[in-house]
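# When you get a sec, could you give me coordinates for this:
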Amino acid sequence: MQNGISIYPGLDNTLSENLALIETAAALGLPRLFTSLHIPETDPDALKRELGVLLKAACAHHMEIISDVSPATLTLLGLKEFNLSAFRMLGITTLRLDDGFTCEDIARLSHNSQHIRLQLNASTMTGRLLQKLVDAKTDFSSIDALHNFYPRTGTGLSEETLARKTAMLHKAGIRVGAFLPSLAGRRRSPLRDGLPTLEDHRAMPTSLAARHLVALGIDSVFLADALPTDEELRCLASLEDNQVVLAADLLTRDAAQKHLLTQTFTARIDEARDAVRAQESRRLLQGNIAPEHTAERPCGAVTIDNSGYGRYMGELEIIKNGQPADSRVNVAAQVKESDRFLIDYISPGRRFSLFFPA
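Residues are numbered from 1 along each chain as shown. The predicted model follows:
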C-alpha cells in the first residue's frame, strides 16, 4: 500500500522532530508525505524557513510529496500567482486541490507539463462534479483522491458516507486515500482532538482504525496528526492491501494448525449462513490434525476441522453465528472482541488473514 505521514511546518513540531519523522517513515517504507499549505494557525515565517529543508529531506528518500493547496497558499508562500513550476521547484509532486478550484481549473491543470499529479477532495466529491470533470476533458490518468480529516469532535464522516463516496470514485477508476488520527502521539493544534476522516476513529487504536479503512476499500492511509509514535508508524507500514486482517488470540499448540493460521485466505463465493469459510485451507494444510480444544464455538471462533471430519480436515472457518461444540471441529483461535465487527467486511471472494499480537 502507498501509505504516508503528515508534516506541518510552522505548527507543533520543531524542525528536527519533523526531519526525524521523515527519516523514520522512510526507513519503514512509507512512500508518501502529506502537507497542508493553507492552515490559518501556521506561523508563516517558520513555514518559509522550514518547508524547503523538509521537502528536500523527503525528496532524498524519493517520497511522493502531496500538498493541500487553496488560493490562501499564495499568501502563505508569498507567491504572486498560482504557478506549478514554483511547486515543482520545492519538490512537490502532487497537489490536492481544495476550496477555490473549479472543475475547469482542475481539467486544465490535469494536462500540465510539469508532471505534477492532482488529488481530488474525496469527501466533497459528487456524481455531478465528477461528470463535470469528465465533460471538461480532465486527464484522470494522473489523478487520485484523498478524503478530508476533521479536527473538531463530532464532524468526522460516517462510515456510510465514506463508503458511498469511495465506491463512486472507484467506479470512475480513481484510487482513494483517507486519514487516521494518532492516539498515543502528539495531536495537531489548535484543537488537539485528533485528525480522523471517520468520526468513529477519533478514539480508536491506530492499528484497528487502519485495518478498518482497508476493510472499507481505502487504497492508501495517512497518519494525519503532528507526531505519531514509532509503533503507530510500524502499524501503518505493515498494512495489507485489500484484505480484512483480524487480531486474534491463539488457542492451539499444534504446529500444523499454527502454520495454517498464518496464511491468507479467500472467503468462499457460496457464502454460508453461520461462518466465513476459507476457500483454500484444506489445500494449504500440511500434516494431520488431531482433535484438540473441541469446545463451544462463539462468534469470532476460528475453527479447523480435525481428522474426525474425514475429507473436510483442514477446513478453516470464522464463526458468525454461535455453534455448539463438535468433536470433529477444533477451536484453534478466537478473534479479539475489538475486532469482531470486521468479520462483517469479509464478503464472498474477499481475502482475509489473522495475526496474533503478543
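# Count the residues that sit near the nearest residue to Gln243 once chain neighbours are set aside.
Leaving aside its chain neighbours, Gln243 sits nearest to Arg351 (3.8 Å; criterion: C-beta to C-beta, 6 or more residues apart in numbering). For glycine as for every other residue, the C-beta is placed from the backbone atoms N, C-alpha and C. Arg351 sits with 16 neighbouring residues when counted by other C-beta atoms under 10 Å.
# Over to Leu97?
By other C-beta under 10 Å, the residues close to Leu97 number 19.
# what sits against the residue nearest to Gln243?
Shown in contact with Arg351 (C-beta atoms under 8 Å, 6 or more residues apart in numbering): 242-244, 264-267.
# try Phe222
Here Phe222 is in contact with 3-6, 32, 34, 146, 177-180 (criterion: C-beta under 8 Å, 6+ apart).
# Tell me which of these fall in helices.
Within the contacts of Phe222, no residue falls in helices by DSSP state H.
# can you tell me how far the closest residue in space to Arg32 that isn't next to it in sequence sits from Ala172?
Spatial nearest neighbour of Arg32, chain neighbours left out: Gly4 (3.0 Å); criterion: C-beta to C-beta, 6+ apart. Look at Gly4 and Ala172: by C-beta to C-beta, to the nearest Å, they are 23 Å apart.
# same question, Ala226
33 Å.
# Neighbour count: these two, which is higher?
Here Ala226 and Ala172 are set side by side on neighbour count (other C-beta under 10 Å), and the busier one is Ala226, at 22 against 16.
# which residues does that one contact?
Neighbour list for Ala226: 6, 8, 11-13, 182, 185-189 [criterion: C-beta under 8 Å, 6+ apart].
# so where's this protein uncertain?
By pLDDT under 70, the chain has no low-scoring segment.
# pretty sure Thr229 is touching Ala184, no?
Yes - Thr229 lies in contact with Ala184 (C-beta atoms under 8 Å); the separation is 4.8 Å.
# When those two are compared, which one has more neighbours?
Counted by other C-beta under 10 Å, Thr229 and Ala184 do not tie: Thr229 has more neighbours, with 16 against 13.
# Look up phi and psi at that one.
With angles defined as degrees, to the nearest 10, Thr229 sits at phi -80, psi 160.
# what's the closest non-adjacent residue to the residue nearest the centre of the chain?
The residue lying closest to the centre of the chain (C-alpha atoms, centre = their mean) is Val221, at 3.0 Å. Counting by C-beta to C-beta, 6+ apart, Asn3 is the residue found nearest to Val221 once chain neighbours are left out, at 4.8 Å.
# For Arg187, see how far away that neighbour is.
19 Å.
# what's the closest of the contacts of Phe222 to Ala255?
Asn3 (33.5 Å; C-beta to C-beta).
# ok, now which ones touch that closest one?
Contacts of Asn3 by C-beta under 8 Å, 6+ apart are 30-32, 220-222, 236-237, 239.
# So which bits of the longest helix along the chain are buried?
The residue-count maximum for a helix in the chain (DSSP H) belongs to helix 44-60. Residues of helix 44-60 classed as buried: 47, 50-51, 54-55, 57-59 (neighbour count, 16 or more other C-beta atoms under 10 Å).
# quick one: which of these is nearest Thr155?
Thr155 has its nearest neighbour among those in Leu47, at 25.3 Å by C-beta to C-beta.
# Wait, the closest one touches Pro9, no?
Yes - here Leu47 reaches Pro9: they are 4.9 Å apart, a contact under C-beta under 8 Å.
# what about Leu28, neighbour count?
Around Leu28 there are 17 other residues, counting by other C-beta under 10 Å.
# ok, now Ser220?
For Ser220, the count of nearby residues is 23 (other C-beta under 10 Å).
# quick one: the helices in the stretch 251-358 of the chain?
255-261, 281-284 (DSSP state H, counting those that start in this stretch).
# Pick the most buried one from the ones you listed.
Each of the helices of the stretch 251-358 of the chain was given a mean neighbour count from mean count of other C-beta atoms under 10 Å, and the largest, a mean of 18, is that of helix 255-261.
# which residues touch it?
Helix 255-261 is contacted by residues 250, 252, 281, 284-289, 292, 302, 304, 314, 316, 330, 332-333, 354, 356 when judged by C-beta under 8 Å, 6+ apart.
# how many neighbours does the closest residue to Leu250 other than its chain neighbours have?
Computed as C-beta to C-beta, 6+ apart, the closest residue to Leu250 that is not its neighbour in sequence is Phe356, at 4.7 Å. When neighbours are counted by other C-beta under 10 Å, Phe356 registers 13.
# phi, psi of Phe356?
phi -130, psi 90.
# distance of it from Asp339?
12 Å.
# cool, and Ala248?
7 Å.
# any shared contact partners between those two?
The overlap between the contact sets of Ala248 and Asp339 (C-beta under 8 Å, 6+ apart) consists of Gly300.
# Show the residue spans covered by the strands in the stretch 251-358 of the chain.
Assigned by DSSP state E, counting those that start in this stretch, the strands in the stretch 251-358 of the chain fall at 265-266, 275-277, 301-305, 316-319, 329-335, 351-355.
# Which among the ones you listed is found nearest to Lys165?
Of all the strands of the stretch 251-358 of the chain, strand 351-355 sits nearest to Lys165, with 23.3 Å by C-beta to C-beta.
# Give me the sheet partners of that closest one and which way each runs.
strand 244-250 (parallel), strand 265-266 (antiparallel) (DSSP bridges).
# Please save the CA atoms from it in PDB.
What follows is strand 351-355 as a C-alpha-only set of coordinates in PDB (Å, rounded to 0.1, in the frame of the first residue of the first chain):
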ATOM      1  CA  ARG A 351      -9.200 -12.000   1.100                       C
ATOM      2  CA  PHE A 352      -8.700 -12.200   4.900                       C
ATOM      3  CA  SER A 353      -6.000 -13.200   7.400                       C
ATOM      4  CA  LEU A 354      -5.300 -13.300  11.100                       C
ATOM      5  CA  PHE A 355      -2.500 -12.100  13.300                       C
END
